[in-house]
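*Asks:* Using only what follows, build the 3D model:
(one chain, ligands or ions: 1)
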Amino acid sequence: MRRKFVAGNWKMNTLSRSAVELASALAKAVPARLPAVDVAVCPPFPYLSAVGAAITGSGVVLGAQNVWHEKPGAFTGEVAVEMLLDVGCRWVILGHSERRQVLKETDELISRKVLASLANGLPVILCVGETLDQRKAGQTESVLDGQMQGSLAGVDVQGIGQVVVAYEPVWAIGTGMTASTEQAESAHLHLRRWLEIRYNPGVAAATRILYGGSVKAQNAQSLLEQPDVDGALVGGASLKVDDFLPIIRAAETARKS
Ligand code: PEP
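*Replies:* Below you'll find the predicted structure:
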């Protein structure tokens with residue numbers, strides 16, 4: 001059985017005080033590892049250490065929103081995998097649509113980041129997803145295939161064991177437009193079949209596939225009950241404990257065998 005996973009992507013939000021307040025409140029609400037749900041928060045780089053300290057000993061672990069793929073050295077403004085591990089990160093989000101679209105990250109660059117993270121023992125949350133135009137043009141599955149193929153280039157069976165996939169339709173991120181349960185399940189099933197063909201049935205069955213895109217307390221339960229939805233990557237609703245906690249609770253109750 002796949003453990004559910006709920007991760008909060010704080011994006012470029014919070015300041016030091018609000019980051020620690022949010023992390024502390026969450027740690028208080030999730031004081032120990034939950035029986036069936038993993039919980040992570042991914043604050044901005046400057047607050048990783050402070051948030052890491054605030055959640056120490058709780059059921060919440062630390063993740064980062066990005067990384068650079070080279071060894072530490074002359075890369076002004078970048079952050080190495082070793083640094084993320086050093087401050088306690090247990091996950092890194094890669095391939096987020098905001099980085100693909102705004103920062104023009106290609107699948108090729110994302111794959112380098114994925115490989116560098118995995119080589120150093122830092123598990124990856126890999127985001128893939130189509131735009132509204134691509135969906136309307138009937139290209140959703142081919143876009144997902146291309147992103148999976150490109151972003152996971154060179155990742156072997158052992159490596160994929162350290163990857164969680166997040167299906168995040170671009171049109172649903174931060175828009176309040178959530179994918180329907182049917183749209184989400186169909187994309188997740190497609191991604192699972194892709195994993196089966198590219199790797200093997202065991203990998204397909206074991207890999208967690210999260211849904212992301214305007215997940216809220218109101219829609220979390222029905223999404224998380226879909227057979228191939230193993231959790232949620234949450235943006236806006238992860239910035240308030242009162243919004244994030246019900247999503248974690250929904251993941252707990254949506255547990256399936
Ligand atoms: C995200 O940024 O990964 C995300 C899913 O954002 P939101 O929940 O705000 O749509």
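
*Asks:* surely Leu122 meets Gly88?
*Replies:* No - if you go by CB atoms under 8 Å, Leu122 and Gly88 don't touch, sitting 11.1 Å apart. Placement of C-beta: from N, CA and C, glycine included.

*Asks:* Of those two, give the one with the bigger neighbour count.
*Replies:* Leu122 (21 against 16; other CB atoms under 10 Å).

*Asks:* Contact partners for the more buried one?
*Replies:* 67, 81, 84-85, 89-92 (CB atoms under 8 Å, 6 or more residues apart in numbering).

*Asks:* closest to Arg192 among these?
*Replies:* Proximity of those to Arg192 (CB to CB) peaks at Trp91, which lies at 20.5 Å.

*Asks:* For the closest one, the count of nearby residues, please.
*Replies:* If we define neighbours as other CB under 10 Å, then Trp91 has 24 of them.

*Asks:* Report the separation between it and Val39.
*Replies:* Trp91 sits 11 Å away from Val39 when distances are taken as CB to CB, to the nearest Å.

*Asks:* Need the residues touching each of these two.
*Replies:* 7, 61.

*Asks:* which residue ranges form the strands in the stretch 151-257 of the chain?
*Replies:* 163-167, 209-212, 231-234 (DSSP state E, counting those that start in this stretch).

*Asks:* thought Ala19 was touching Ser49?
*Replies:* No - contact criterion CB under 8 Å: Ala19 and Ser49 do not qualify, at 10.4 Å.

*Asks:* who's more crowded, these two?
*Replies:* The neighbour comparison of Ala19 against Ser49 (other CB under 10 Å) goes to Ala19, with 22 against 14.

*Asks:* Within range of the ligand, give me the residues from the stretch 151-257 of the chain.
*Replies:* Where the stretch 151-257 of the chain comes near the ligand, counting by CB under 6 Å from any ligand atom, the residues are 168, 173-174, 212-215, 233-237.

*Asks:* Apply the buried test to the residues you listed and list what passes.
*Replies:* 168, 173, 212-215, 233-237 (16 or more other CB atoms under 10 Å).

*Asks:* Run through the helices of this structure in chain order.
*Replies:* 16-29, 48-55, 81-86, 97-101, 107-119, 132-136, 140-151, 157-160, 181-198, 201-206, 217-224, 241-253 (DSSP state H).

*Asks:* what comes into contact with stretch 22-30?
*Replies:* 10, 14, 39, 41, 43, 50-51, 54-60, 239-241, 244-245, 248.

*Asks:* picking up where we left off before, and of the buried ones among the residues of the stretch 151-257 of the chain next to the ligand, the nearest to Glu141?
*Replies:* Glu168 (15.3 Å).

*Asks:* can you pull the contacts of the closest one?
*Replies:* Contacts of Glu168 (CB under 8 Å, 6+ apart): 96-97, 127-129, 211-213, 233.

*Asks:* wait, which of the residues you listed is closest to Leu152?
*Replies:* Val128 (9.6 Å).

*Asks:* Brilliant, that's me finished.
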